[in-house]
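K.L.:
any chance you could fold what I've pasted below:
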Amino acid sequence: ALQFIDSVKHFCEDGDDSYLGHDMESPNSHNKHCSARSTWSVITDSPDFSDGANQPIIDTITSSDILVSSIPVFKIVRAGPPRYVLVMDTSRTMKGRKMKQMRISAANFIENVLSDEAWLGVVSSSTTATIVSELTSLSSHDNRHTLIEDLPTVAVGVSSIGDGILTAIQVLEESDFEAAGAEIIIFVDGEENYSPMIYEVEDYITIKGAIVHAILVSSEAEEDLATLAEETGGKVVSCADTDLTTSLLDALPYIVSGHQSYLTGDNVVQIMSNVTTVAAGSTLDGVVLIDSSANNNITFFIGHDSSTEDHLIVITDPIGRTLTSDGAEILSTILSDSYKIDGESLTGEWRYEITNNDAISIAYTVAVLTGGTTADQPIVVTSKLSHVTVNGSKVGEDQPCLYAALTSDRYGVVGAQVYVAFEDLTTGESYSLDLHDDGTGADIERNDGIYSCYVVPWEGMSDGRYAITINANDLGDDTKVAKTTSGSRAIKNYPGADLYDESEYTPTGRFQRQASGGSVKFVDTAAMFVTDVVAPSRILDLRIVDVFVDNSSLTLTWTAPGDDLDSGNAHTYELRV
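P.N.:
Sure, this is the predicted structure:
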């Protein structure tokens, strides 16, 4: 609870034989979540310092034992406009459905996600890379429309990812901007098989200072690209190689999430997305819930792979009025129709109907996005993995976790239903886990708006990468925004305490959110099921709730752990007094 110390020069250590001895008995959050270990013990066991890593640097000039100064040096730079280059895999393995899905994803990104201040270039990458569109300002609808119309359509040849990267740098440097700080987003379907290879250009891209993001369009996609993305500070997204998946559509909004000043309006947030195949002559009916934090500048995006564009789209507001060109700006391209509603709209259930008048079945992709409200920031879900690779033989040791932050502005949103779906890239099958904000298991703090779960392999799964989708909703008016007041929270820093008083909770009303969480790679998952080697998670909220003097008994309460961390059911409990 010492929140206002001027500086920290020492950390507590294990043992009580010095003034730095750690107090194992103190009922604080550190002891709760670090198994009563000292701060120095936790730090030295981290990957930053374990196994002799990052030892103190000795002054080599004087050969003395004086440490070289570790005082940080800051460089202040002025941010330029956001610059992106899409490097689209057009090798022959992308032919057909994957090419159409990639084009629809890019169309939504160009039309609805990036801001007027952004600049975008497009590169087609196969045996050799070619520039499809030079770096172009997105300040006009005409420019956006032209970029969409010019997206590559033909998939031929093999894959040279390195040439795609070099050509993206060329696009950036032939403009009036530098490559440093720009973002290169690469779609890739398979392994690279034509020079230059990634390893031949990785030093060059590092020197140039651009950020590389990887969108892996199948389970066969080149893993070296994922490594390059992680090394340059980029994101990695995996996408299922199936007909009815939105993982490719969701990938681009996920990559720029956190870049809110770069997006259309103040905050562009995806509310939902889905893809459905509609038979000839049939109609798709859908419902989306628009809440009070997300009823400003709504966009309905309908992507399709129809060559005739022979369909009827009807969008109806919560009181049954049909949306027409009088109430929305309707933008159509060869890939999509976007219905943009300027300003605030009614909250509640909006409905959309898509009638396929074509002679064949058509896959329709629907996404609904919002610019928030004029008064409040929209509810947003973002996520982070503690481990990008989950090793089945080390789950008990590593305890990999997924954290999903549900916020409105800077405030936590509590009481929601949050779950994660892991999508198999080959089959499209999903496995779901619930995330909790109750201070138990993987969750660090109760009711702080950060929902958590351990990422544990499940029986019958295969090794490989999985796409992650986070879903959050409140369909029963149970969720609230924890709007804090100023002042110290130190007094509530003890196990079981809520961060906020009940009076500080503001109801959100019903809402729904869906967002990509990137990808995770599972290896050696079969090791989890050879023998039961993963222990249940620790019980962190054991309490005495009643004491009965007459019969010398008491009542205990705790949150039950799982069989493997928080997955499954524990077999037995042992109470020790």
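
K.L.:
what's the distance between Glu174 and Gly234?
P.N.:
Distance, Glu174 to Gly234, by Cβ to Cβ, to the nearest Å: 22 Å. From N, CA and C alone the C-beta is placed, and that goes for glycine too.

K.L.:
the more surrounded of these two?
P.N.:
Gly234 (21 against 12; other Cβ atoms under 10 Å).

K.L.:
what residues are up against the residue most central in space within the chain?
P.N.:
For the chain, Gly517 is the residue whose C-alpha lies nearest the centre (Cα atoms, centre = their mean; 2.9 Å). By Cβ atoms under 8 Å, 6 or more residues apart in numbering, the contact list for Gly517 reads 254, 383, 385, 402, 404, 420, 468-470.

K.L.:
the residue lying closest to it once chain neighbours are set aside: what secondary structure?
P.N.:
Leaving aside its chain neighbours, Gly517 sits nearest to Ile468 (3.5 Å; criterion: Cβ to Cβ, 6 or more residues apart in numbering). At Ile468, secondary structure determined by DSSP: H, G, I helix; E, B strand; the rest coil is strand.

K.L.:
tell me, how many residues neighbour Ile468?
P.N.:
For Ile468, the number of neighbouring residues by other Cβ under 10 Å comes to 25.

K.L.:
and the furthest pair within the contacts of Gly517?
P.N.:
Farthest-apart pair in those is Tyr254 and Leu402; separation 14.3 Å (Cβ to Cβ).

K.L.:
okay, now the unreliable bits of the stretch 51-200 of the chain?
P.N.:
56-70, 77 (pLDDT under 70).

K.L.:
can you map out the strands along the stretch 151-300 of the chain?
P.N.:
Assigned by DSSP state E, counting those that start in this stretch, the strands in the stretch 151-300 of the chain fall at 183-188, 211-216, 236-238, 269-278, 283-290, 296-304.

K.L.:
ok, the last one: who's next to it in the sheet?
P.N.:
In other words, strand 296-304. When pairing is defined by DSSP bridges, strand 296-304 lines up against strand 336-344 (antiparallel), strand 362-370 (antiparallel).

K.L.:
what sits up against the first one?
P.N.:
When contacts are defined by Cβ under 8 Å, 6+ apart, strand 336-344 is touched by residues 104, 107-108, 111-112, 148, 295-304, 313, 315, 323, 327-332, 373-374.

K.L.:
tell me the SS of Val132?
P.N.:
The three-state label for Val132, taken from three-state DSSP, comes out as strand.

K.L.:
what's the burial count for it?
P.N.:
Taking other Cβ under 10 Å as the criterion, the count of residues near Val132 is 20.

K.L.:
isn't Ala416 up against Thr407?
P.N.:
No: using Cβ atoms under 8 Å, Ala416 is not in contact with Thr407; the gap is 11.0 Å.

K.L.:
neighbour count winner among the two?
P.N.:
Taking other Cβ under 10 Å, Ala416 and Thr407 do not tie; Ala416 has more neighbours (25 against 18).

K.L.:
give me the buried positions along the longest strand anywhere in the chain.
P.N.:
Ranked by number of residues, the top strand in the chain under DSSP state E is strand 511-523. Within strand 511-523, the residues that qualify as buried are 511-522, counting by 16 or more other Cβ atoms under 10 Å.

K.L.:
before we move on, back to that, any chance of the contacts of Gly517 in CSV, plus pLDDT and distance to Ile169?
P.N.:
Listed next are the contacts of Gly517 as CSV, based on pLDDT from 0 to 100; distance: Cβ to Cβ, whole Å:
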residue, pLDDT, distance to Ile169
Tyr254, 91, 24
Ser383, 92, 30
Leu385, 92, 29
Leu402, 95, 34
Ala404, 95, 35
Val420, 96, 35
Ile468, 94, 30
Thr469, 94, 32
Ile470, 95, 33
